[in-house]
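> Predicted model and sequence below, questions to follow.
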Amino acid sequence: MNIKEIKDEFISLLKSTAREGIDYVIEDLEKLGFFEAPASSKHHLDCEGGLAAHSLNVCKAGLMLREQMIAMKPEMKDYMPKNSVIIASLLHDVCKADIYKKAVKKRKNSYGNWEDYDGYDVDYSNFPMGHGEKSVIVLLLSGLEMTDDEMLAIRWHMTAWDLPFQSAELKNCLNTARNKSPLCSLIQSADTIAANILEWKKEEE
């Protein structure tokens, strides 16, 4: 994984939207350590630069799905603008930029012996505001101009994996968001494709 190439492509795509506030967002991502952070602590792309790489994968999957959906249903072009797909997909996991801390961890090797390895611990103490909602708030605080659909897509990209999903009120909010904005379902689908297919790796036996 070439972190510099990933970062350059990520920034180039963001700037292609010419969105008000995007330069401030990029500056804040740098400060938060977004481009060095992993995408997870022990699952998909749990390595340095993994978060930016995952976000790029979601963007590429999202843009591909957008083209396919428009080909099948042309009116979707009005509901899923290209710039909105780029903004929502690249920035959906900004909430993760400051939660991973490098740590030496233990695991058993193929001989059954314990060994040290470099990994990550998770620490939510910096800004414990949740997941999708934290991403939206961080971006707004950075000065990014976002549409309602983009905010909804980022907020609800976790669907049933969201921590408070047991709340009947939040389930209704999610269902309403999906009905209101096809972009929500597009980003949810792209995120699943990226994490579970593009970033899938066979478990070691």
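Right, received. Where do you want to start?
> what helices or strands is the longest helix seen in the chain leaning on?
For the chain, the helix with the greatest residue count under DSSP state H is helix 50-72. Applying 3 or more Cβ pairs under 8 Å, 6 or more residues apart in numbering; DSSP states H and E, one finds that helix 50-72 contacts helix 3-16, helix 82-90, helix 182-193. The way it works is simple: take the backbone N, C-alpha and C, and place the C-beta from them, glycine included.
> As CSV, these with distance to residue 150 and mean pLDDT would be great.
Formatted as CSV, the helices and strands packed on helix 50-72 follow (distance: least, Cβ to Cβ, whole Å; pLDDT from 0 to 100):
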stretch, distance to residue 150, mean pLDDT
helix 3-16, 13, 96
helix 82-90, 5, 98
helix 182-193, 7, 95
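> Export those to a markdown table and append columns for mean neighbour count and distance to residue 127.
Output for the helices and strands packed on helix 50-72, formatted as a markdown table (neighbours: other Cβ atoms under 10 Å; distance: least, Cβ to Cβ, whole Å):
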| stretch | mean neighbour count | distance to residue 127 |
| --- | --- | --- |
| helix 3-16 | 16 | 22 |
| helix 82-90 | 24 | 20 |
| helix 182-193 | 22 | 21 |
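> closest one to residue 106 among the ones you listed?
helix 3-16 (26.5 Å; Cβ to Cβ).
> Could you check how sure the model is about the helix or strand following that closest one, as an average pLDDT?
Downstream of helix 3-16, the first helix or strand assigned by DSSP states H and E is helix 22-32. Here helix 22-32 scores 96 as its mean pLDDT.
> Okay, buried residues for stretch 35-46 please.
The neighbour-count check on stretch 35-46 (16 or more other Cβ atoms under 10 Å) flags 35, 36, 37, 38, 39, 40, 41, 44, 45, 46 as buried.
> ok, now stretch 68-84?
69, 70, 76, 79, 80, 81, 84.
> do stretch 104-120 as well
119, 120.
> contacting residues around it?
38, 41, 42, 46, 100, 101, 102, 103 (Cβ atoms under 8 Å, 6 or more residues apart in numbering).
> Make JSON lines from the residues you listed and add pLDDT, secondary structure and distance to residue 30 to it.
Converted to JSON lines, these look like this (pLDDT from 0 to 100; DSSP: H, G, I helix; E, B strand; the rest coil; distance: Cβ to Cβ, whole Å):
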{"residue": "38", "pLDDT": "92", "secondary structure": "coil", "distance to residue 30": "17"}
{"residue": "41", "pLDDT": "75", "secondary structure": "coil", "distance to residue 30": "22"}
{"residue": "42", "pLDDT": "76", "secondary structure": "coil", "distance to residue 30": "26"}
{"residue": "46", "pLDDT": "81", "secondary structure": "coil", "distance to residue 30": "22"}
{"residue": "100", "pLDDT": "88", "secondary structure": "strand", "distance to residue 30": "16"}
{"residue": "101", "pLDDT": "86", "secondary structure": "strand", "distance to residue 30": "18"}
{"residue": "102", "pLDDT": "85", "secondary structure": "strand", "distance to residue 30": "18"}
{"residue": "103", "pLDDT": "79", "secondary structure": "strand", "distance to residue 30": "23"}
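> Sounds good, over and out.
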